[in-house]
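Student: Turn this into a model:
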Amino acid sequence: MTGFMTLTRRKAMGLALGAAAALGLAAPASAEVDFAGKTIEWIIPFSAGGGSDTWARFNAPLLSKYLPGNPVVVVVNEPGGGSTKGTNLFAARAKPDGLTLLGTSGSTQFPYLLGDPRVRYDYKDWKIVMAAPTGGVVYTSPSLGLKSAADIGMLVGKDLIYASQGATSLDLVPLLGFKYMGFKVQHVFGFKGRGDGRLAFERGETNIDYQTSSAYLKNVQPMVDAGTAVPLFSWGVLDEAGKIVRDPTFPDLPSYVEAYKTLTGNEPSGPEFDAYAAFFIAGFPAQKMAFLPKGTPDDIVDTYQAAFEAMKADPDYEKDAASILGTYPQVTGALAQTLFEKGTTIAPDLRKQVADTLATDYGVKLGEE
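Tutor: Predicted coordinates for the structure are as follows:
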């Protein structure tokens, strides 16, 4: 049994630090660092039930098992401000002792990339210990008359409603993507996480949604099986040439590029597509990242990286990772650093183009969603 719990911050603060002592031991990742008897808080700046939360809950018990001393790992949800609230708290309060970990997503990266004044954090201050690409699937309601992805043309001219965390969150990808497709979408800003967006869809308050792969597999596929949701396309993945192709986790679904061609008969191109593609690349190849705070000693960073690497050979990881997270490798070391750099860099001209679009077309000035 491993030391994993999922709690609110209020409950987590009252957790006895000695709880880990009773847990079964696993081979330590490093002899120099020992977390025996400690509690590690893994901050997820989103509400429960979304892709980031699902990702952390899957990894936390394995991390507990492979960190030396088998500490209790507590997932703490700190939603708000399109994930800037919890991330700002981490930047301001986390100590460099290895007892606080932050999990971010594209919704945390995009406000940073766009210069959103709510951001009080700098990604370059932190130490990355793991990065995980992911994908996502857009789906709609059968009440609109669609039966399969091939019917996507039926959405043209329909009044679509989408529950958004905010225009500078990862929901910027569907905002730009839907706009380029010519869909008529009302983006309702202010939802605290994609899990909340899915619940709004289930209640019939919205009729188009997307979830990252882990949340889609867990929460949306059952709706598809029950006939209450119709998948339209995945965002796709990048091939070795940097082109957007089908996501191997969802081989039967067209990619965004294929869906656009079905809808319009044309290959996507031009400034609007370039802006969409730039933020897709920033948001998904390095969509989930785990960080230790500024000033964390190298031996602690190395210990975390070794634990994340070692757990990939665990039988439970090998058995469940693909069905829960999708067919995306979780990486450490130099590859994680490369993905981190891709996920936190955007060309200045594309940044300006998107900021102007948000202000002109959606009335969104950065920091005023």
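
Student: I'd assumed residue 232 was in contact with residue 258.
Tutor: No: Residue 258 is beyond contact range of residue 232, at 10.7 Å (criterion: Cβ atoms under 8 Å). Where you see a C-beta, it was placed from the backbone N, CA and C, and this is true even at glycine.

Student: Which residue ranges of the stretch 201-350 of the chain form strands?
Tutor: In the stretch 201-350 of the chain, the segments counted as strands under DSSP state E, counting those that start in this stretch are 208-212, 230-234, 237-238, 244-245, 288-292.

Student: where among those strands is the average confidence lowest?
Tutor: Note on those: strand 237-238 shows the lowest mean pLDDT, a mean of 88.

Student: and that strand, which strands flank it?
Tutor: Applying DSSP bridges, strand 237-238 is found paired with strand 244-245 (antiparallel).

Student: Show residues contacting the strand it pairs with.
Tutor: Residues outside strand 244-245 that contact it (Cβ atoms under 8 Å, 6 or more residues apart in numbering): 235-239, 255-257, 277, 280.

Student: Narrow these to just the buried residues.
Tutor: 235-238, 255-257, 277, 280 (16 or more other Cβ atoms under 10 Å).

Student: circling back to that earlier point, mind checking the strands of the stretch 201-350 of the chain for the one nearest to residue 190?
Tutor: strand 208-212 (15.2 Å; Cβ to Cβ).

Student: Give me the helices and strands touching that closest one, please.
Tutor: helix 51-66, strand 136-140, strand 160-163, helix 194-202 (3 or more Cβ pairs under 8 Å, 6 or more residues apart in numbering; DSSP states H and E).

Student: again, 10 Å this time
Tutor: helix 51-66, strand 136-140, strand 160-163, helix 172-181, helix 194-202, strand 230-234 (3 or more Cβ pairs under 10 Å, 6 or more residues apart in numbering; DSSP states H and E).

Student: picking that back up, figure out which of the strands of the stretch 201-350 of the chain is closest to residue 316.
Tutor: strand 288-292 (18.5 Å).

Student: Adjacent strands (with direction) for the closest one?
Tutor: By DSSP bridges, strand 288-292 pairs with strand 100-104 (antiparallel), strand 127-132 (antiparallel).

Student: circling back to that earlier point, settle it for me: which of residue 258 and residue 232 has more neighbours?
Tutor: Set residue 258 next to residue 232 and count neighbours by other Cβ atoms under 10 Å: residue 232 wins out with 24 against 17.

Student: about what we covered before: what is the nearest of the buried ones among the contacts of strand 244-245 to residue 112?
Tutor: Distances from residue 112 to the buried ones among the contacts of strand 244-245, taken by Cβ to Cβ, are shortest for residue 280, at 16.4 Å.

Student: circling back: mind listing the shared neighbours of residue 258 and residue 232?
Tutor: residue 149 (Cβ atoms under 10 Å, 6 or more residues apart in numbering).
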